[in-house]
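Q: Pasting a predicted model and its sequence here:
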Amino acid sequence: MSEFITIMKSELMITAIIFLLLFIKLGKAISNDALLVIIQVLLLLNFIGGFFMNYEASIFDDMYQTTPMIAFQKSILSLGVYLISLLFADWFKQTDHLAEFFILMLSALLGMFLLLSSGNFLMFYLSLELATIPVAALANFDLQKKISSEAAMKMILSSAFSSGILLFGISIVYGVTGTISFALLPAFLNGSTIQVLALVFLFSAFAFKLSIVPFHLWTADVYEGSPFAVTSFLSVISKGAIAFVFITTLYKVFQPMHAVWYNIVMVLSILTMIIGNLFALRQQSIKRFLAFSSIAQVGFILVGISSNVESSGIPSVVYFVLIYTFSNLAAFGVAAIIAAHSGKENIEDYKGLYQTNPLLSWVLALALFSLAGIPPTAGFFGKLFLLTAGASSANYAFITIAALNMIVSLYYYLKVIRSVFMDKNENPISKITVNPYTKFGLIICAVGIVFTGLLGRIYDYIVSLLQSQ
């Protein structure tokens, strides 16, 4: 029993928090301020607990598996949720359904934890549904706004479609091989036509979740209609979890079909980077801007995934997702603060922001510099390791295209920074008093953006986790 608790400590902790919130909701009403502090403390304890007693193990006939690397991936997701609880504290305090919000968010996080530890396609599918359905409800959390309901509807329809595609791919895999176990499947894969068809269906389902072109069309609308806290969760936590599972599935399960999926990854990576960048150039809404930015970032993640060398591919993706968590949450955090206090969500409205709000301006600049991959921010090192991992396949034309896309992305990231620091505005956004919780979250993100890159030990630590398996 003690071993079971140790192995599933992350899932059990999240489950305990969910039940505690249910009991609090059913019991005597407490203020949002007090409840938010309780939630933040519990989420911090959950994050810290993820670094202890981690070892390789499996239970339920290999249906659930864990390793030090999987535990670290869960810790990154836990950190992201904790930062969300800090960065959007003002919005959480004003909502009438704070407990319900975190029950839904933690239910989705629980699904992601189980997804990372899945040992067969049955566990994989059930976990994916648990990770997806609550997010559709979260997208509709601004009940008084029609655009929020529209975002939820688009989220549900796209999720249902991708789930159907995934199930069809899984059924083909089972029909051809007679097994759904990740450990047994590689021995039955030979690259036959029907197996390639199954891989295409499975890849398409992943592409929907990751917003890979041409399966990205839902992303900007859902991001724009959802509350900032939900948009951040979708952009960072959800995408991070799917990226972790995606690379593990390709490397561990479909390794015998590398020649097939490498070409798919390469082509879609190029399309995703180019289209994400081109659409980001045209955006005025900060939410849509960050949505297409995140699509372009996924294209760079695919560059690392194309490596097919575990010792470089997996660490580079995990390291980049960690950096992306700090960078994107910082950008969304600043945008949410400005929107909450001024009602403005267009990039044009950010002109002269530095005149009145230097702290927010510098945090936003750091976040955008990191997303653009400008040294010495961590984003530079993250993209460097992704490109280095992708170069292991010796497809230098592919790496050159990726590097050129980094240059293109500089334009639209620097356009926002120019508006904030250089453009004059007679009526800039007035000075904003930042909530202490939010300020703490912004400081964590800023420190993470700077020191995650400068401290090489973090990447070395990720590599050591992989080598310990």
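A: Yep, it's here.
Q: any idea how far residue 148 is from the residue nearest the centre of the chain?
A: The centre of the chain sits closest to residue 236, judged by C-alpha atoms, centre = their mean, with a distance of 2.7 Å. Remark: distance between residue 236 and residue 148 (C-beta to C-beta, to the nearest Å) = 19 Å. To be clear about C-beta, it is placed using only N, CA and C from the backbone, and glycine gets the same treatment.
Q: Over to residue 280?
A: Taking C-beta to C-beta, one finds residue 280 at 23 Å from residue 148.
Q: which parts of the helix or strand encompassing residue 22 are buried?
A: Taking DSSP states H and E as the definition, one finds residue 22 inside helix 9-26. Neighbour counts over helix 9-26 (16 or more other C-beta atoms under 10 Å) mark 9, 10, 11, 13, 14, 17, 18, 21, 24 as buried.
Q: Relative to residue 336, which of the residues you listed is nearest.
A: Comparing the buried residues of helix 9-26 against residue 336 with C-beta to C-beta places residue 21 closest, at 22.4 Å.
Q: ok, now which ones touch the closest one?
A: 39, 99, 102, 103, 106 (C-beta atoms under 8 Å, 6 or more residues apart in numbering).
Q: separation between it and residue 114?
A: 19 Å.
Q: cool, and residue 171?
A: 21 Å.
Q: quick one: which of these two has more around it?
A: Comparing residue 171 with residue 114 by neighbour count (other C-beta atoms under 10 Å), the higher total belongs to residue 114, at 22 against 14.
Q: Show me what the host helix or strand of that one packs onto, helices and strands only.
A: Counting by DSSP H and E, the element that carries residue 114 is helix 98-116. Applying 3 or more C-beta pairs under 8 Å, 6 or more residues apart in numbering; DSSP states H and E, one finds that helix 98-116 makes contact with helix 9-26, helix 32-49, helix 68-87, helix 121-139, helix 239-248.
Q: Residue 58: which element?
A: With DSSP H and E as the test, residue 58 turns up in strand 57-59.
Q: which helices and strands does that strand pack with?
A: Using 3+ C-beta pairs under 8 Å, 6+ apart: strand 57-59 touches helix 2-7, strand 64-66.
Q: pLDDT-wise, which helix or strand of this structure ranks last?
A: Ranked by mean pLDDT, DSSP states H and E, the helix or strand of the chain with the weakest confidence is helix 2-7, at a mean of 82.
Q: Now do it: distance to the chain's middle.
A: Centre-to-centre, helix 2-7 and its host chain are 28 Å apart (C-alpha atoms, centre = their mean, to the nearest Å).
Q: residues of that helix that come out buried?
A: residue 7.
Q: what's in contact with it?
A: 12, 53, 57, 59, 64, 66.
Q: Of those - the most surrounded one?
A: residue 66 (24 neighbours).
Q: show me the contacts for residue 276.
A: 213, 216, 292, 293, 294, 295, 296, 297, 298, 299.
Q: Please apply the same query to residue 442.
A: 87, 330, 333, 334, 359, 360, 363, 434.
Q: Report the lowest-confidence entry in those.
A: The pLDDT minimum for these sits at residue 434, where the score is 86.
Q: does that residue count as helix, strand or coil?
A: Of the three states, residue 434 takes coil according to DSSP: H, G, I helix; E, B strand; the rest coil.
Q: Look up phi and psi at it.
A: phi -90, psi 130 (degrees, to the nearest 10).
Q: Could you report the neighbour count for it?
A: Residue 434 has 21 nearby residues by other C-beta under 10 Å.
Q: same check, this time on residue 88
A: Neighbours of residue 88 using other C-beta under 10 Å come to 29.
Q: Nearest spatial neighbour of it, chain-adjacent residues omitted?
A: residue 229 (4.2 Å; C-beta to C-beta, 6 or more residues apart in numbering).
Q: Verify the stated contact: that neighbour with residue 91.
A: Yes: look at residue 229 against residue 91 with C-beta atoms under 8 Å: they come within range, at 6.1 Å.
Q: residues shared between the contacts of those two?
A: Joint contacts of residue 229 and residue 91 (C-beta under 8 Å, 6+ apart) are residue 336.
Q: low pLDDT regions in this structure?
A: Along the chain, the model assigns pLDDT under 70 to residues 1, 394, 469.
Q: please redo it, this time with the cut-off set to 80
A: Across the chain, the ranges flagged by pLDDT under 80 are 1-2, 27-29, 142-145, 148, 308-312, 343, 392-395, 423-428, 456, 467-469.
Q: returning to that earlier point: out of the helices and strands packed on helix 98-116, nearest to residue 444?
A: Per C-beta to C-beta, nearest to residue 444 of those: helix 68-87, 6.4 Å.
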